[in-house]
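K.L.:
I need the structure of the sequence given here:
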Amino acid sequence: MSYTPLTPLSSELIQRLSESTPTETNDQPKIHVSEIASLPIFIYEKIRNFIDYKDEYLLRKNAVKRFLRRSFLLPNFKNYKSEQLALSLIRELILSRYLKNDSVLQSKIKELSPVLEKYYLLLQQTDNNQVKYPKWREAVLGLAAVECDSYLVSPQKRHAYIAFAFNQIKDLIKLPAGEADTETINVQILLNTQRILERADQDILGYYLLVHYYPNWFNLKTTEAANWLSPQLNSVLHNLKFISEQSLGKRVMPTVRKLLIPIVVLQQMLHETDKPLRDLLSDPTKLNEQIKKTYHDFWNKTRKKIRNKGFHAIFYIFITKMVLALLVEFPYEKIFLGQVHYLSLGINLLFPPLLMGLITILIKSPGKQNETRVAEAVSELIYGRDTGFYKIKELKPLKNNFWGKFFYALLYLITIISSFGLVITFLINLNFNILSGGFFILFISLVSFFGLSLRQQARQLRLINEKDTMLAFALDFFSLPVVTFGKWLSTTFDKLNVFVFILDFLFELPFKTLLKLIEQWFQFLREKRDQMY
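P.N.:
Here you go, the predicted structure:
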């Protein structure tokens, strides 16, 4: 069979993906757990992830982090052997169904053991008074979770896509001369690539920066590595955060996001196919049909995720608002105002979730023209045909004019006053008191931010820009301060989630410990039963 020539980068990607296919290991011993305790732990994980919603790509890594947090805080942890801890971690992930039963080789225990010991020694040897980085232990646990996860589930395929994407776009983004050196630009392009393709959070970004800038942590032996990193941990964590949060990253993000859309579709297509990769790419006509099918399937999955997230937000907002109404608003109005304003209570209770539902329903698909453009861009990606998509994107120079910055700051101040002024005027006319009015602004801001997040997710396949209208401009103008406030509230509440604190520190440890004991007891009984035959 003759093949249509691929670009060198596409050929390299296909080669790396082929090499990353796991080899058969049926003859090697694997870790097995009893199914008895699996269902209740799995249900618990579902409930916890619903309360503290995170992207599904991060769930396993976050489960590892929670395990490490519990284990490293135990008073008798010094009596643990690192191999026992590694086995406990793997068994818990299997029981939680983040890993398949009978799929993890027992040899993984010895691979994971020195990693756990290394991070434990680092935590023990680091003087709390020397590290001024906020919540530095959490940051270290995040790095440990990413490294442990990379041993349990091979990151080769993810790395192949990230390398392919980075090499495809790194020379297409041009900044004005003197604004940043090539190394700095490339690091920010790579970080944004990981954010988009890998859904990377701060833990994952920090880990890859640690690999890049501090390789000794991975090259030295366990005790030597801890002794080497401990004295400089404060500066290391600050450097990792500084690099990952540079303003240059935000500046190039929109361009990177758009350039990666065809790669996201290609990744989805290659992930779902059961055909040999080169056979799939051999016929451009059939490939074009496959691209469009993948595009439709990907959009349908995205729409389903958006609706699920919308439902989650509606439920969370409604329950939170109900609790506040019963515990705060109702007693406040009854005791201090002498009467209950049921209209304001009803609006506060029903309007935010209804608005969230309306935003979710009104999200539209990118359209047929966008689908055709994506298919053309993927074809250019694979075969190198010039469709005009992968071309140099020159970013406009930053304006350092004082009066220009002053004008924009003044305009933004006017926007804030106008936006919140309109809302406050509306609330006064409906006889809202200070408390109920404050709650209304708080929840509308959260809904606006959640709604914008859902709209951004719906736009992850959009190559063709939407037409600007006066209505859209007006909505953006007046909603920007509210959305910004909502983003700040979301980040703050995420750190102060009382329900998550109760689950993690007061419920999860005794619950999972009990279920593990039950699971081990049943395993013991099964072994005894087998010995009788």
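K.L.:
With residue 421 as the reference, measure out to residue 428.
P.N.:
To residue 421, residue 428 is 11 Å away according to Cβ to Cβ, to the nearest Å. (Glycine included, C-beta is placed from N, CA and C.)
K.L.:
do the same with residue 108
P.N.:
Residue 108 is 60 Å from residue 421, by Cβ to Cβ.
K.L.:
Those two: which is more packed in?
P.N.:
Taking neighbours as other Cβ atoms under 10 Å, residue 108 and residue 421 compare with residue 108 leading, 18 against 11.
K.L.:
hey, where'd the strands end up in the stretch 351-500 of the chain?
P.N.:
Along the stretch 351-500 of the chain, counting by DSSP state E, counting those that start in this stretch, strands occupy 393-394.
K.L.:
Low-confidence ranges, it, go.
P.N.:
399-400, 402, 404, 466-478, 491-500 (pLDDT under 70).
K.L.:
Buried residues, the helix or strand hosting residue 113. List them.
P.N.:
Using DSSP states H and E, residue 113 falls within helix 107-125. For helix 107-125, burial by neighbour count (16 or more other Cβ atoms under 10 Å) applies to 108-109, 112-113, 115-123.
K.L.:
and which of the residues you listed is nearest residue 165?
P.N.:
Residue 165 lies nearest to residue 115 out of the buried residues of helix 107-125, by Cβ to Cβ, at 27.6 Å.
K.L.:
What's the separation between that closest one and residue 105?
P.N.:
From residue 115 to residue 105 the distance is 16 Å (Cβ to Cβ).
K.L.:
where in the chain is pLDDT low?
P.N.:
Ranges of the chain meeting pLDDT under 70: 1-4, 22-26, 37, 49-56, 73-80, 399-400, 402, 404, 466-478, 491-533.
K.L.:
so how far is residue 276 from residue 17?
P.N.:
From residue 17 to residue 276 the distance is 11 Å (Cβ to Cβ).
K.L.:
Just want to know which of those two has more residues nearby.
P.N.:
Comparing residue 17 with residue 276 by other Cβ under 10 Å, the one with more neighbours is residue 17, at 18 against 11.
K.L.:
List the contacts of that one.
P.N.:
By Cβ atoms under 8 Å, 6 or more residues apart in numbering, residue 17 lies in contact with 157, 160, 270, 277.
K.L.:
do that again at 10 Å, thanks
P.N.:
By Cβ atoms under 10 Å, 6 or more residues apart in numbering, residue 17 lies in contact with 156-157, 160-161, 164, 267, 270-271, 277.
K.L.:
so how far is the helix or strand following the helix holding residue 113 off the chain centroid?
P.N.:
Downstream of helix 107-125, the next assigned helix or strand under DSSP H and E is helix 136-152. Helix 136-152 has its C-alpha centroid displaced from the chain centroid by 15 Å (Cα atoms, centre = their mean, to the nearest Å).
K.L.:
Same check on stretch 451-464?
P.N.:
With Cα atoms, centre = their mean as the basis, stretch 451-464 stands 16 Å off its chain's centre.
K.L.:
In it, which residues are buried?
P.N.:
Buried, per 16+ other Cβ under 10 Å, within stretch 451-464: 451-454, 458-463.
K.L.:
Just the terminal-to-terminal distance for it.
P.N.:
21 Å (Cα to Cα, to the nearest Å).
K.L.:
Begin at 681, not 1, for the rest of this chat.
P.N.:
Renumbered: residue one is now 681, and that last one reads stretch 1131-1144.
K.L.:
tell me the contacts of the nearest residue to residue 1125 once chain neighbours are set aside?
P.N.:
Of all residues not flanking residue 1125 in the chain, residue 1166 sits nearest, at 3.6 Å (Cβ to Cβ, 6 or more residues apart in numbering). Contacts for residue 1166 (Cβ under 10 Å, 6+ apart) come out as 1121-1133, 1159.
K.L.:
thinking again about what came up before, kindly reformat the buried residues of stretch 1131-1144 as CSV containing distance to residue 722.
P.N.:
Below are the buried residues of stretch 1131-1144 laid out as CSV (distance: Cβ to Cβ, whole Å):
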residue, distance to residue 722
1131, 31
1132, 33
1133, 27
1134, 27
1138, 30
1139, 33
1140, 29
1141, 32
1142, 36
1143, 39
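K.L.:
Would you check that residue 784 makes contact with residue 772?
P.N.:
No - using Cβ atoms under 10 Å, residue 784 is not in contact with residue 772; the gap is 11.7 Å.
K.L.:
These two: who's more crowded?
P.N.:
Of the pair residue 784 and residue 772, residue 772 is the one with more neighbours under other Cβ under 10 Å, namely 24 against 21.
K.L.:
Next one: the residue nearest to residue 1139 when sequence neighbours are not counted from residue 1132, what distance?
P.N.:
Leaving aside its chain neighbours, residue 1139 sits nearest to residue 1046 (7.5 Å; criterion: Cβ to Cβ, 6+ apart). Distance, residue 1046 to residue 1132, by Cβ to Cβ: 17 Å.
K.L.:
Name the residues of stretch 1041-1056 that are buried.
P.N.:
Quick answer for stretch 1041-1056 (16+ other Cβ under 10 Å): 1043, 1046, 1050-1051, 1053-1056.
K.L.:
sorry, that was for stretch 1096-1114
P.N.:
1099-1100, 1103, 1107, 1112-1113.
K.L.:
same deal with stretch 899-915?
P.N.:
Quick answer for stretch 899-915 (16+ other Cβ under 10 Å): 902, 905-906, 909-910, 913-914.
K.L.:
which one of those sits closest to residue 1095?
P.N.:
Taking Cβ to Cβ as the measure, residue 1095 sits nearest to residue 914 out of the buried residues of stretch 899-915, at 39.1 Å.
K.L.:
residue boundaries of the strands in the stretch 881-1030 of the chain?
P.N.:
For the stretch 881-1030 of the chain, no strands are identified by DSSP E, counting those that start in this stretch.
K.L.:
Just give me the longest helix of this structure.
P.N.:
helix 964-1004 (DSSP state H).
K.L.:
The spatially closest residue to residue 1075 that is not a sequence neighbour - how many residues pack around it?
P.N.:
Closest residue in space to residue 1075, ignoring its immediate chain neighbours: residue 855 at 5.3 Å, by Cβ to Cβ, 6+ apart. By other Cβ under 10 Å, 19 other residues sit near residue 855.
K.L.:
again with residue 860
P.N.:
Residue neighbour count, defined by other Cβ under 10 Å, stands at 17 for residue 860.
K.L.:
ok, now which ones touch it?
P.N.:
866-868, 926, 928, 931-932.
K.L.:
That one should be in a strand, yeah?
P.N.:
No - counting by DSSP: H, G, I helix; E, B strand; the rest coil, residue 860 is not part of a strand but coil.
K.L.:
Relative to residue 867, how far out is it?
P.N.:
Per Cβ to Cβ, residue 860 is found 10 Å from residue 867.
K.L.:
Spit out the residues that contact the two alike.
P.N.:
Residues touching both residue 860 and residue 867 (Cβ under 10 Å, 6+ apart) are 926, 928.
K.L.:
any idea what residue 778 is structurally, helix, strand or coil?
P.N.:
Going by three-state DSSP: residue 778 is coil.
K.L.:
In terms of helices and strands, where is the closest residue to it other than its chain neighbours?
P.N.:
Distances taken as Cβ to Cβ, 6+ apart put residue 740 closest to residue 778, at 4.2 Å, once the chain neighbours are dropped. Secondary structure from DSSP H and E places residue 740 in helix 739-753.
K.L.:
what about residue 885, neighbour count?
P.N.:
What residue 885 shows, counting by other Cβ under 10 Å, is a neighbour count of 24.
K.L.:
Ok, residue 781 next?
P.N.:
The tally of other residues near residue 781 (other Cβ under 10 Å) stands at 16.
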